[in-house]
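Asks: following is a predicted model, sequence given first.
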Amino acid sequence: MLSSRSRIAFARFLIVAGIVVAWHFASRTLIDPFYISRPFDVAERLWDWVSTGDIVEHVLTTMSELVYGLVIGVVLGVLVAMILGSSPTLAAVFRPFVTVAYSFPQLALTPLYILWFGVFLMPKVILISVVVFFLMFFNTFEGVKNVEGDLIAAMRVMGAKRLDVFRIVVLPASAVFLITGLRHAVPFALRAAVFAEFLASVRGLGFLALTSARSYSSAGLFAALAVLLLVGVGLNALVSWLERVVLPWRSAGVDVTAAMQR
Amino acid sequence: MINIKGVSKSFEKDGRKIDAVKDFSLTINDGEFVALIGPSGCGKSTVLNMIAGLLGPEEGAVEYNGERVTAINTSVGYMTQKDSLLPWRTTEGNISAPLDIRRVPKSERAALVSQAIEKVRLEGFERHHPDELSGGMRKRVLLARTLIYEPDTLLMDEPFAALDALLKLVMQEELLRIWSEARATVVYVTHDLTEAISIADRIVVFSKRPGRIVLDLPIELERPRDFDTIRSSPEFLKLYNRVWATLRREVVSQEEAGGESR
Amino acid sequence: MIDRAPMWRIRLYQLIVLGVFLGGWEWVSDRHIRTLWISKPSLIAERTLDWFSSGFIYSHILATLQIAGLGLLIGTAIGVVFGIVLGLQRSLSRLLDPILGGAYTLPRIAFLPVLLFWFGFGFRPLVALVALMIFFVLFYNTRAGVESVDGDLVASMRVMGATRIQVIRMVILPSIVPFVLAAMMIAAPYALVGAIVGEIFIGSKGLGFLIVSSTGGLDLTGTFTACLVVTVISLIATLVIARHGPRLLGRSPGTIGGNAGAAF
């Protein structure tokens, strides 16, 4: 008899298989394949892309946008938040500005970035950086304020100098913010990359999806989305791995936001 | 009459099968007040839930008034430790919930509700919400709600366990007073020995898991019982020592078996 | 290090920061960078006044709010239904969890071309995008609400004779109201983002359309003014929700407000 875990895995497999089969038959009988393509056509298209190597440059393009944007945005966001957050006065002065910037939908500026920086890598990296920056900044800013006041006071009372505080408290704490922030930022970065590629691009997975859609190829469209899904899952796995390596003392995904992202 | 014939029930926990009760039999006569007592996790709540039809036995059968219980048994009243009241309804609204469910005409409800409120002495709190009531009052609402549809059996799973000692005493007396008028059958799960002896006609002591009966003892103390005097009477002490000797053996052997996991 | 400056000084500093930012922008424009590329605050102020006094902006605001509002309602309805069904069917819910999680990883914006395929151009794909963007927030919150319902309460209702439908009507629906309201408050800013982003992509009116068409026409004053309007609307939404949300919910003010700003 199967263990309950493998039974669940088997049931999941059956569900996915069932969806694919239902999709396959629905797309000829119930719905015009023009609208949802057919799983076989999608798979064929994927195989086509992989065997000719066409997909590589698109994946690499989107991945490099994401990686540059994430690194720049996360590092700057955490750094600036730690600096502002370490001084109550600075924090109070910048609070309203931060609130305004944070509640502004950053994606709305995408056309502007394209105008300023063209249609290649640059506007995407900047858009993703900005999106990630504000996300990281806001969360770290709140986090620093909540966590560290008491800890720093305690360290100071123990006789720690400012530099000691930085080394003992601020740096390790920022590692936590960096990594957990990265986890939160991945879906937002992915969204920004795809949207920017939709608006203006010459390659990338968003570009691939859009050109497929423009040529009324729903197989290509769904194939591009499937690759995009893989990229997203891959990035998530990468962050989880990073979290285990850098923060082995922390169990993964403890806070509510991370749990909600799952 | 409740006739439990050789029932077994197990649960899966962390991939392991745990027997709650195994080949368990018990007969409860009409109008009897039976206390089920035993170490925690011994399956007494399982037995109660099987009588209510909330759980089905894997082997054996539960018969209620000669009929086999296969679905939820709506001729019983069910009351647990938690205050399972509807927080958005007032005292009146909560008490009339069963009437609502049974589609009793609105015109008949008011009289029944005010009767029930009188019975549990909640006059003046008709329009209060559960939040505004004390723990004891909430228990009274639960009692009234359970009694209003005149079930011929009350299933109670440690109904007063969450109350402080004094309030518990008051509620036990209250229950006995109401029971002496309603004359329903009561199956009362508890792990409080004093409580069991003071209120029940009969005590059934469970072994540690899987639960079986290790002692079935009639309590021939005169009714109506006065809690002030009864608990210091020599008969009470004798009964107490007798049951405790059995119960103690079960609790100790369970501890030695590595404690219980809830 | 622990002390904070008095409030009046903080306000003063804030004015200085704002002044330096706006003044610097105004000063740089046309001295070092052509105004064509970055516009300037005085022009934006002038345009704002113009749009509001002429009434030009209102129809665009209304168009965006309509899409966001309609999408919010439809997404809520679908999310709540799914949340109740899967909340009541825990084993099914557990089975589907990784599949739903996978769907959640894919950015909803990526479905825009799909939605165009399905719904054609115009109003409907935008509403669908908004509904899709907020679906998961509503779904996960509703499911959490259903799962938080006390099992003993449901058991006792059943023993009282309630049918499954009666339990849903009398217990489940009233229980999830605060969860659904909280989720809608979290989702409202997302709905606004969805509407604007969709309008940027395919709109023919609305604030997003205003942004993209101004930018395309090299009228950056228009772009920034439209952005300003968007900012003010989302700020108002955030503040209203943070202030009145907890009262509306009656309980647990901690669960919203903080997240309401997550427009992004």
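Replies: Great, that's in hand.
Asks: where does the prediction get shaky in the stretch 151-262 of chain A?
Replies: Applying pLDDT under 70 to the stretch 151-262 of chain A flags residues A:151-172, A:247-262.
Asks: one more pass at 50, please.
Replies: A:250-262 (pLDDT under 50).
Asks: quick one: the helices in it, in order.
Replies: A:162-165, A:171-199, A:205-214, A:218-246, A:256-261 (DSSP state H, counting those that start in this stretch).
Asks: what is the second one packed up against?
Replies: Other helices and strands packing on helix A:171-199, by 3 or more CB pairs under 8 Å, 6 or more residues apart in numbering or on different chains; DSSP states H and E, are helix A:54-85, helix A:110-117, helix A:121-157, helix A:205-214, helix A:218-246, helix A:256-261, helix C:173-202. (Glycine included, C-beta is placed from N, CA and C.)
Asks: buried ones in it?
Replies: A:173-174, A:176-199 (16 or more other CB atoms under 10 Å in any protein chain shown).
Asks: which SSE is residue C:228 in?
Replies: In the assignment (DSSP states H and E), residue C:228 maps to helix C:220-249.
Asks: buried residues in that helix, which are they?
Replies: Buried residues in helix C:220-249 (16+ other CB under 10 Å): C:220-231, C:233-235, C:237-238, C:241-242, C:245-246, C:249.
Asks: so does it get close to chain A?
Replies: Yes: using CB under 8 Å from any CB of the partner chain, we find that helix C:220-249 touches chain A at C:220, C:223, C:227, C:230-231, C:234-235, C:238.
Asks: specify the angle between that helix and helix A:110-117 in degrees.
Replies: If you take axes from the mean of the first three to the mean of the last three CA atoms, to 10 degrees, helix C:220-249 sits at 150 degrees to helix A:110-117.
Asks: helix C:220-249 versus helix C:173-202: what angle between them?
Replies: 180 degrees.
Asks: how about the residues of the stretch 101-250 of chain C by chain B?
Replies: So far as CB under 8 Å from any CB goes, the stretch 101-250 of chain C lies against chain B at C:150, C:152-153, C:155-162, C:166, C:170-171, C:174.
Asks: which of those residues count as buried?
Replies: Here, 16+ other CB under 10 Å leaves C:150, C:152-153, C:155-162, C:166, C:170-171 buried among these.
Asks: ok, which pair from these is furthest apart?
Replies: Largest separation among those by CB to CB: C:150 and C:161, giving 18.4 Å.
Asks: without its sequence neighbours, what residue ends up closest to residue C:79?
Replies: residue C:138 (2.7 Å; CB to CB, 6 or more residues apart in numbering or on different chains).
Asks: cool, residue B:99 as well?
Replies: Closest to residue B:99 by CB to CB, 6+ apart is residue B:109, at 4.9 Å.
Asks: check which helix or strand covers that neighbour.
Replies: Using DSSP H and E, residue B:109 falls in helix B:106-119.
Asks: how far off centre is that helix?
Replies: How far helix B:106-119 lies from its chain's middle: 24 Å, per CA atoms, centre = their mean, to the nearest Å.
Asks: go on, stretch C:158-176?
Replies: Using CA atoms, centre = their mean, the offset of stretch C:158-176 from its chain centre is 32 Å.
Asks: what is the end-to-end distance of that stretch?
Replies: Terminal residues of stretch C:158-176 lie 19 Å apart, using CA to CA, to the nearest Å.
Asks: and the residue in the stretch 51-200 of chain A positioned nearest to chain B, how far is that from residue A:189?
Replies: Residue nearest to chain B within the stretch 51-200 of chain A: residue A:183 (28.3 Å; CB to the nearest CB). Going from residue A:183 to residue A:189 by CB to CB, to the nearest Å gives 11 Å.
Asks: also residue B:215?
Replies: 67 Å.
Asks: over to residue C:208?
Replies: From residue C:208 across to residue A:189, the span is 21 Å (CB to CB).
Asks: now swap in residue C:113 and tell me
Replies: Residue C:113 is 20 Å from residue A:189, by CB to CB.
Asks: try residue A:51
Replies: 29 Å.
Asks: near chain A, which residues of the stretch 1-150 of chain C are found?
Replies: So the stretch 1-150 of chain C meets chain A at C:1-5, C:9-10, C:13-14, C:17-18, C:37, C:94-96, C:98-99, C:101-102, C:104-114, C:116-118, C:140 (CB under 8 Å from any CB).
Asks: for chain B, same thing?
Replies: Counting by CB under 8 Å from any CB, chain B sits next to chain A at B:12, B:15.
Asks: one more pass at 6 Å, please.
Replies: residue B:15 (CB under 6 Å from any CB of the partner chain).
Asks: low-confidence ranges, chain B, go.
Replies: In chain B, residues with pLDDT under 50: B:259-262.
Asks: may I ask you to name the longest helix in it?
Replies: The longest helix of chain B (DSSP state H) is helix B:234-256.
Asks: which elements pack onto that one?
Replies: Of the remaining helices and strands, none touches helix B:234-256 by 3 or more CB pairs under 6 Å, 6 or more residues apart in numbering or on different chains; DSSP states H and E.
Asks: buried ones in it?
Replies: Those would be B:236, B:239-240, B:243, B:246-247, B:250-251, B:254, for helix B:234-256 by 16+ other CB under 10 Å.
Asks: chain A: which of those residues is nearest?
Replies: Distances from chain A to these, taken by CB to the nearest CB, are shortest for residue B:254, at 26.6 Å.
Asks: wait, the closest one touches residue B:40, no?
Replies: No: between residue B:254 and residue B:40 there is no contact under CB atoms under 6 Å: 8.8 Å.
Asks: grab the most central residue of chain C for me.
Replies: Nearest residue to the geometric centre of chain C (CA atoms, centre = their mean): residue C:189, 1.7 Å.
Asks: ok, now how distant is that one from chain B?
Replies: 28 Å (CB to the nearest CB, to the nearest Å).
Asks: count of neighbours near the residue nearest to residue B:244 when sequence neighbours are not counted?
Replies: In space, and not counting its chain neighbours, residue B:244 is closest to residue B:193: 6.1 Å by CB to CB, 6+ apart. Applying other CB atoms under 10 Å in any protein chain shown, we find 18 residues neighbouring residue B:193.
Asks: from residue B:172, how far out is residue B:193?
Replies: Counting by CB to CB - residue B:193 and residue B:172 are separated by 13 Å.
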